[in-house]
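A.B. asks: pasting the sequence and the predicted coordinates here, then a few questions.
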Amino acid sequence: MRILNETEAWIKDPESQQICWITGMAGTGKTSIAKTTCQRASVDPEITLGGSFFCSRSTGLAAQRDIRCVIPTLAQLLAFKSAEFRKALADTIESGVQYKEVSVQVEQLLRTPLLSLKDSCIPILFVIDALDECGGETTDGMLDNAMCHGIVTSMLEALVNLTRSDPKIPVKILVTSRPEVQIRDTSISNDKLSQILRLHAVDIAEVDADINRYITQTLGTRLTAKPKLRASITDTDVENLVRLCDGLFIVAATALAHIFGAGVAAAVANFKRLLSSSGIGLNYRAAAPLDRMYEIILNDAAKADEMGLEALQRLLASLLSTRMTLSVVALADLLGLEPYDVGASLSRLHAVVHVPEDDDMPGLRTVHASFGDYLYSRAPGHIRIQQSLGHNTLAHGCLEVIGKLLHFNISQSLSSYKPNPPLQPDRIALSLQYACMQWIYHVAALLDRSDMDVNIGIKFRPKLLSWLEIMSLLGQIWRASRMLFSAAGTVADSELAQFLRDAHMFVSSSHEVIERSAPHIYLSALPFADKNSLVYKDFAPRFTGLITVTNVPSLCFEPIFGICLVGA
């Protein structure tokens, strides 16, 4: 509570530093502070909440860990709220600024248009939470982890410089993160330039008091209609749960989610059982309380799940290994299970897995990144998961979906005269989209690929052209070329590797026409393909009515339009 009050006072104090860094280890409450600060600012007439960006590597949403999205998002959010800023932004913004260096983005999207508000008496607050979770390879393949970290460093330096600009702009920037090197080695860690609050240095008694308040208020709110149940949870019970949390807000949040997961009626029993299972006074290393909580939740789920612990591990391994957020239905398709079985299993893990209300809605994800770390490295032997398990399951699942669902003219193209239409929602099943775009990445991650060559040869090779139809509709032909190149270097079978190299050349030499129109995979690209390539030898005999091309270099041709699609 003191930290929240001090943060609010900092925002309103025109003489305080204009940038504040709240830093602490995982689970210490950084995101809770950031969210509460945003909620307070949104209803406080003395503060303008300019915008917020909550970074995350556990949601599965690539944009939430893409550092390039931070500054444009903040500028866009403030533009929605301020007509003056919006006009100034429109006057200064240059075409393609989203692709420029982050220092240029800060200048053109924030500092220059913010000058239009320099006379404002109300501070404008920007919040960037969990900045350390920006990283990893971006979905477009343009940045790797090291490059992302470099941009994080540059962005922080640019933001610190913004707060030191002249004339002074009435802006306050709140940044939260773990004390990672790419952040602490910047000017934001200079207490002469920014206000710094280190949560891991806050007195444990103060932290425990705040956790106690959080648990007590949550119990009071959730059990308002059940006063007898509330009375059965004593102050001693709450204090014991606070002791179990060991200073970590994430433990308290996870515990309460578990306690109320089966409804209000079971809350007291879950509360008491949680304490008796956990023991009292745990004071291990920082991760130990949360690890014990995870173990209890997983053991409870395994006992209640008819599929058993092994199936649950396979399900969780797959969820942790996905490269984009899936729906219950899509994950079930990839695992060869019924959606109701997957939904039932995941519903027992509500405390650690976010499950969308609609089974067809994407958004499956673990609630906290530490859950995956625990399963991979710190869990007891009977619970621990090998990282290869998820990739193995998804590699086979992707190829199975490709082999089962792909077919000729899956793009449903009616004419080759027209380019691909805009992709309509639900036109391509999410499981098929995922399988087509991600299969090789899971194959490449396997330690043992002994059965993969046969699978690729049986499931993928005959469906190459149908796969390209999907990739064309998705606007992912550039990715298809990279995937085929990677696949050729991954398989061991020499003949299959040659086919994949020929397929890569087939796509590379025809990518523009294929990208534009799926039917021209068959009508332009295939006739002009190298007659000695395995792609041509595999597929040309299957089609009738193809034009005959002679004495034309396979890499130099103009796309042919206006030819009607024929059957195969």
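C.D. replies: Thanks, I have it.
A.B. asks: ok, residue 311 touching residue 317?
C.D. replies: No - Residue 311 lies out of contact with residue 317 (Cβ atoms under 8 Å); the separation is 10.6 Å. For glycine as for every other residue, the C-beta is placed from the backbone atoms N, C-alpha and C.
A.B. asks: who's more crowded, those two?
C.D. replies: Per other Cβ atoms under 10 Å, whichever of residue 311 and residue 317 has more neighbours is residue 317, with 22 against 16.
A.B. asks: what helix or strand is that one on?
C.D. replies: helix 308-321 (DSSP states H and E).
A.B. asks: counting by contacts, list what whichever helix or strand comes after that helix packs against.
C.D. replies: Where DSSP H and E defines the elements, the next helix or strand beyond helix 308-321 is helix 328-335. Counting contacts by 3 or more Cβ pairs under 8 Å, 6 or more residues apart in numbering; DSSP states H and E, helix 328-335 is packed against helix 308-321, helix 339-347, helix 387-405, helix 430-444.
A.B. asks: then helix 328-335 to PDB, C-alphas only?
C.D. replies: Taking C-alpha atoms only, helix 328-335 is exported to PDB below (Å, rounded to 0.1, in the frame of the first residue of the first chain):
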ATOM      1  CA  VAL A 328      -9.000 -25.700 -26.900                       C
ATOM      2  CA  VAL A 329     -10.300 -27.100 -30.200                       C
ATOM      3  CA  ALA A 330      -7.100 -26.400 -32.100                       C
ATOM      4  CA  LEU A 331      -4.900 -28.000 -29.400                       C
ATOM      5  CA  ALA A 332      -7.100 -31.000 -29.300                       C
ATOM      6  CA  ASP A 333      -6.900 -31.400 -33.100                       C
ATOM      7  CA  LEU A 334      -3.100 -31.300 -32.900                       C
ATOM      8  CA  LEU A 335      -3.000 -33.800 -30.100                       C
END
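A.B. asks: contacts for it next, please.
C.D. replies: Outside helix 328-335, the residues within contact range by Cβ atoms under 8 Å, 6 or more residues apart in numbering are 314-315, 318-319, 322, 326, 338-339, 341-343, 346, 355-356, 359-360, 362, 364, 393-394, 397-398, 400-401, 429-431, 434-435.
A.B. asks: give me the angle between it and helix 430-444.
C.D. replies: Counting by axes from the mean of the first three to the mean of the last three Cα atoms, to 10 degrees, helix 328-335 points 40 degrees away from the direction of helix 430-444.
A.B. asks: mean confidence score for helix 328-335?
C.D. replies: Mean pLDDT, helix 328-335: 97.
A.B. asks: ok, and for it, which residues are buried?
C.D. replies: Buried positions in helix 328-335, judged by neighbour count with 16 or more other Cβ atoms under 10 Å: 328, 329, 330, 331, 332, 333, 334, 335.
A.B. asks: next: stretch 25-45.
C.D. replies: 26-34, 36-38, 40-41.
A.B. asks: show me these that map onto strands.
C.D. replies: Among these, DSSP state E puts none in strands.
A.B. asks: circling back to that earlier point, list only buried entries from the contacts of helix 328-335.
C.D. replies: 314-315, 318-319, 322, 326, 339, 341-343, 346, 355-356, 359, 362, 364, 393-394, 397-398, 400-401, 429-431, 434-435.
A.B. asks: next one: the helix or strand hosting residue 241 to chain centre, how far?
C.D. replies: Taking DSSP H and E as the definition, residue 241 sits inside helix 235-245. On the basis of Cα atoms, centre = their mean, to the nearest Å, helix 235-245 sits 33 Å off its chain's mean C-alpha point.
A.B. asks: quick one: buried residues of the next helix or strand after that helix?
C.D. replies: Using DSSP H and E, the helix or strand that follows helix 235-245 towards the C-terminus is helix 249-259. The neighbour-count check on helix 249-259 (16+ other Cβ under 10 Å) flags 249, 250, 251, 252, 253, 254, 255, 256, 258, 259 as buried.
A.B. asks: list of residues touching stretch 212-230?
C.D. replies: Taking Cβ under 8 Å, 6+ apart as the rule, stretch 212-230 contacts 1, 233, 238-239, 241-242, 249, 252, 256, 260, 264-265, 267-268.
A.B. asks: buried subset of these, written for PyMOL?
C.D. replies: Entered in PyMOL, the line below selects the buried ones among the contacts of stretch 212-230, by 16+ other Cβ under 10 Å:
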select buried, resi 233+238+241+242+249+252+256+260+267+268
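A.B. asks: okay if I get the contacts of stretch 212-230 as JSON lines plus distance to residue 22 and pLDDT?
C.D. replies: Below are these laid out as JSON lines (distance: Cβ to Cβ, whole Å; pLDDT from 0 to 100):
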{"residue": "1", "distance to residue 22": "15", "pLDDT": "78"}
{"residue": "233", "distance to residue 22": "31", "pLDDT": "93"}
{"residue": "238", "distance to residue 22": "26", "pLDDT": "94"}
{"residue": "239", "distance to residue 22": "27", "pLDDT": "93"}
{"residue": "241", "distance to residue 22": "25", "pLDDT": "89"}
{"residue": "242", "distance to residue 22": "22", "pLDDT": "90"}
{"residue": "249", "distance to residue 22": "13", "pLDDT": "84"}
{"residue": "252", "distance to residue 22": "18", "pLDDT": "86"}
{"residue": "256", "distance to residue 22": "23", "pLDDT": "88"}
{"residue": "260", "distance to residue 22": "28", "pLDDT": "88"}
{"residue": "264", "distance to residue 22": "34", "pLDDT": "88"}
{"residue": "265", "distance to residue 22": "38", "pLDDT": "88"}
{"residue": "267", "distance to residue 22": "32", "pLDDT": "90"}
{"residue": "268", "distance to residue 22": "35", "pLDDT": "90"}
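A.B. asks: tell me the one among the contacts of stretch 212-230 nearest to residue 73.
C.D. replies: The nearest member of the contacts of stretch 212-230 to residue 73, counting by Cβ to Cβ, is residue 249 at 25.4 Å.
A.B. asks: now the residue lying closest to the closest one once chain neighbours are set aside: how far from residue 21?
C.D. replies: Spatial nearest neighbour of residue 249, excluding adjacent residues (Cβ to Cβ, 6 or more residues apart in numbering): residue 29 at 3.8 Å. Separation of residue 29 from residue 21 (Cβ to Cβ, to the nearest Å): 15 Å.
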